[in-house]
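1. structure of the sequence below:
(chains A and B)
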Number of protein chains: 2
Amino acid sequence: MAETDTGIVTAGLVVIGDEVLSGRTKDKNIGYVAEKLTETGIQLKEVRIVADDQAAIVEAVNTLRQRHDYVFTTGGIGPTHDDITADAIGAAFGLPVEMDERALDIMRRHFRESQLTPARLRMTRMPVGAALIDNPVSVAPGFSVENVYVMAGVPQIMQGMLDQVLPDLRAGRKILSRTLRVSAKEGDIADVLGEVQAAFADIAIGSYPFHVDNRFGVNVVFRGPDDERLEAALRQVQEALAGRSIFSDLPGEDDVS
Amino acid sequence: MAETDTGIVTAGLVVIGDEVLSGRTKDKNIGYVAEKLTETGIQLKEVRIVADDQAAIVEAVNTLRQRHDYVFTTGGIGPTHDDITADAIGAAFGLPVEMDERALDIMRRHFRESQLTPARLRMTRMPVGAALIDNPVSVAPGFSVENVYVMAGVPQIMQGMLDQVLPDLRAGRKILSRTLRVSAKEGDIADVLGEVQAAFADIAIGSYPFHVDNRFGVNVVFRGPDDERLEAALRQVQEALAGRSIFSDLPGEDDVS
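-> Reported below is the predicted structural model:
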């Protein structure tokens, strides 16, 4: 991992799949990618879920790749007729899409000749000049073009591919976080949070209400690169709430989020 | 519900929240909204997850509201400093944002005067002319402006608000689906799926591989408005696969997805 302290590294994610938009499949990749990127020091700034539609994929990828250091895509690189991501990425970059010799070699090593159906060979198609991303689960590789990383949609395969990719990316300063769990409604603590936020311009204070078993509470999350500042802001909130007899948990372990 | 058979009704969804992009919170709203809209006969075409950032929210809402019949947003309408959705929607429509008298009345009926903190009153701010969306869980209402429906981010509250909204929306023809679960790798059945898809231009055949306990399989999903056509396409795939001794489940009950 090439770590740099020289600022912020951002990313976009494009989730490709009619099945997510129809609600049939519940996406499991967004949360995973988000967590991994945050741990790595890359800030995920936008996610788009688009249909299996070339124009929609091209628009999302071309917008996000100009805006962010990295773009990741999930889905649509399998062997069936509805897997159109390789062609869409080719169209986005204005590159021809052809069977890749390195990908063919990988497939030949893992499949008997009789198993190398036209459908399976279709998975070796990618934009000319793409780099391969190893697939530790089901052989057929993903690929990258410039700053766009094209991964499978099946979570286990996507996760394996992301593991291959992350060590090569440039990382920014890691954003740390601390969470204070408060037994109150947001409306009873919002003034305190606003005041402490105003005093700590270098950190972001997020307020996330929850409602479980008819009980209201708030997770107050302090995020920023400097743990001592997070701690200071958290203490300030805690003391102000104690002054109005609102219960808050002791801060837990650092969690990166 | 005003049902119409006169074509397709589409929607976009904007999920607002740094906590989803950081991976700290795993979104539970996308899948729910997707399923509900599909059941209703509204096709969800695009989802964008954006940060707590006015420019990002305005861009997403303004793009999607021009492109689709309806836009839904989740998140950012609570009482704290990081809840900026009302102002962002005002900016998107070029409308001033003020405390709404109807929302104030609702709050006054449910809270004692001492509980009506400035933070809580802040939740009555919305673009001038907005319609209210009842909040059956925690009182403070959501709102709509033209074709944009602004809902809470807490799933239980969001679901209550969506229930209020859906009966008033125009619905298109419902998209039905049938699923065939196949014990094979995609590469072994892709040719069959491609051929049947070519013969059934009025339905969409999706192929969704899964990989559980080192076993590969595929859910083949047939989607379209006419159940008899779905059934016919499914039978054709099933017979072709039986011909090559590939096992497939009997089709289950209709599931709308």
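
2. domain parsing for chain A?
-> Segmentation of chain A into domains, based on automatic domain parsing, reads A:2-171, A:176-243.

3. neighbours of A:His136, just the number please.
-> No, residue A:136 isn't His; it's Pro. Using other C-beta atoms under 10 Å in any protein chain shown, A:Pro136 has 12 other residues around it. In short, each C-beta sits where N, CA and C put it, glycine included.

4. so it makes contact with A:Met158?
-> No. Look at A:Pro136 against A:Met158 with C-beta atoms under 8 Å: they stay out of range, at 11.2 Å.

5. mutual contacts of these two, please.
-> Contact criterion C-beta atoms under 8 Å, 6 or more residues apart in numbering or on different chains; residues shared by A:Pro136 and A:Met158: none found.

6. the domains of chain A: lowest mean pLDDT?
-> Across those, domain A:176-243 has the smallest mean pLDDT, namely a mean of 91.

7. quick check: A:Gly23 touching B:Asn29?
-> No. Contact criterion C-beta under 8 Å: A:Gly23 and B:Asn29 do not qualify, at 11.3 Å.

8. tell me which of these two has more neighbours.
-> Comparing A:Gly23 with B:Asn29 by other C-beta under 10 Å, the one with more neighbours is B:Asn29, at 23 against 20.

9. name the nearest residue to that one, sequence neighbours excluded.
-> Closest residue to B:Asn29 apart from its sequence neighbours, by C-beta to C-beta, 6 or more residues apart in numbering or on different chains: B:Thr74 at 4.7 Å.

10. then the helix or strand hosting A:Asp163 to PDB, C-alphas only?
-> Assigned by DSSP states H and E, A:Asp163 belongs to helix A:155-165. Extracted C-alpha coordinates of helix A:155-165, given in PDB (Å, rounded to 0.1, in the frame of the first residue of the first chain):
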ATOM      1  CA  PRO A 155     -20.100 -11.000  -3.100                       C
ATOM      2  CA  GLN A 156     -17.500 -13.700  -2.400                       C
ATOM      3  CA  ILE A 157     -15.900 -13.200  -5.800                       C
ATOM      4  CA  MET A 158     -16.100  -9.400  -5.500                       C
ATOM      5  CA  GLN A 159     -14.400  -9.500  -2.100                       C
ATOM      6  CA  GLY A 160     -11.600 -11.700  -3.500                       C
ATOM      7  CA  MET A 161     -11.100  -9.200  -6.300                       C
ATOM      8  CA  LEU A 162     -11.100  -6.200  -4.000                       C
ATOM      9  CA  ASP A 163      -8.400  -7.800  -1.900                       C
ATOM     10  CA  GLN A 164      -6.300  -8.100  -5.100                       C
ATOM     11  CA  VAL A 165      -6.800  -4.500  -6.000                       C
END
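
11. what helices or strands is whatever helix or strand comes next after it leaning on?
-> Using DSSP H and E, the helix or strand that follows helix A:155-165 in sequence is strand A:170-171. Using 3 or more C-beta pairs under 8 Å, 6 or more residues apart in numbering or on different chains; DSSP states H and E, the elements in contact with strand A:170-171 are strand A:2-3.

12. quick one on the thing from earlier: do the helix holding A:Asp163 and chain B meet?
-> Yes. Using C-beta under 8 Å from any C-beta of the partner chain, helix A:155-165 reaches chain B at A:156-157.

13. other residues contacting that helix?
-> Counting by C-beta under 8 Å, 6+ apart, A:28-29, A:32-33, A:36, A:72, A:74, A:133-138, A:142, A:144, A:149, A:151-152, B:211 sit against helix A:155-165.

14. which positions within that helix qualify as buried?
-> Neighbour counts over helix A:155-165 (16 or more other C-beta atoms under 10 Å in any protein chain shown) mark A:157-162, A:164-165 as buried.

15. can you map out the strands along chain A?
-> For chain A, the strands defined by DSSP state E occupy A:2-3, A:10-16, A:43-50, A:70-74, A:97-99, A:125-127, A:131-135, A:139-145, A:148-151, A:170-171, A:176-182, A:204-212, A:215-224.

16. nearest spatial neighbour of A:Thr117, skipping sequence neighbours?
-> B:Gly187 (5.5 Å).

17. I'd say the one you found and A:Pro118 touch.
-> No. Using C-beta under 8 Å, B:Gly187 makes no contact with A:Pro118, being 9.2 Å away.

18. number of nearby residues for A:Val58?
-> So A:Val58, with other C-beta under 10 Å, has 18 neighbours.

19. so it touches A:Thr85, yeah?
-> No. Counting by C-beta under 8 Å, A:Val58 does not reach A:Thr85; the two are 10.6 Å apart.

20. any idea what the spatially closest residue to A:Leu37 that is not a sequence neighbour is bridged to?
-> Using C-beta to C-beta, 6+ apart and skipping residues adjacent in sequence, the residue nearest A:Leu37 is A:Leu44, 4.9 Å away. The bridge-partner assignment for A:Leu44, based on DSSP bridges, gives A:Ala11.

21. separation between A:Met161 and chain B?
-> With distances taken as C-beta to the nearest C-beta, to the nearest Å, A:Met161 is found 13 Å from chain B.

22. again with A:Gly243
-> 15 Å.

23. for A:Phe93, same thing?
-> Distance of A:Phe93 to chain B, computed by C-beta to the nearest C-beta: 22 Å.

24. same question for A:Val15.
-> 8 Å.

25. please apply the same query to A:Ala233.
-> From A:Ala233 over to chain B (counting by C-beta to the nearest C-beta), the distance is 13 Å.

26. how close does that residue sit to A:Ser183?
-> Distance of A:Ala233 to A:Ser183, computed by C-beta to C-beta, to the nearest Å: 19 Å.

27. those two: which is more packed in?
-> Applying other C-beta under 10 Å to A:Ala233 and A:Ser183 shows that A:Ala233 carries more neighbours, namely 24 against 14.

28. quick check: that one touching A:Phe200?
-> Yes. Between A:Ala233 and A:Phe200 there is a contact at 4.6 Å, judged by C-beta under 8 Å.

29. which parts of the stretch 51-200 of chain A sit against chain B?
-> Contact residues, the stretch 51-200 of chain A versus chain B (C-beta under 8 Å from any C-beta): A:51-52, A:56, A:78-83, A:115, A:117-120, A:122-123, A:137-138, A:154, A:156-157, A:175, A:177, A:185-191, A:193-194, A:197.

30. next step: the residues you listed restricted to helices.
-> A:56, A:118-120, A:122, A:156-157, A:186-191, A:193-194, A:197 (DSSP state H).

31. list only those of those residues flagged as buried.
-> For these, buried by 16+ other C-beta under 10 Å: A:56, A:119-120, A:122, A:157, A:186-191, A:193-194, A:197.

32. now, which of those residues sits nearest B:Ile246?
-> Here the nearest of those to B:Ile246, counting by C-beta to C-beta, is A:Ala119; it sits at 13.4 Å.

33. now that closest one: closest residue in space that isn't a chain neighbour?
-> With C-beta to C-beta, 6+ apart as the criterion, A:Ala119 has its nearest non-adjacent residue at 3.0 Å, and that residue is B:Ala190.

34. and that neighbour, what does it touch?
-> Counting by C-beta under 8 Å, 6+ apart, B:Ala190 touches A:78-81, A:117-120, A:122, B:207.

35. and for A:Gly17?
-> Residues near A:Gly17 by C-beta under 8 Å, 6+ apart: A:25, A:49, A:51-52, A:74-76, A:153.

36. right, I'll call it a day here.
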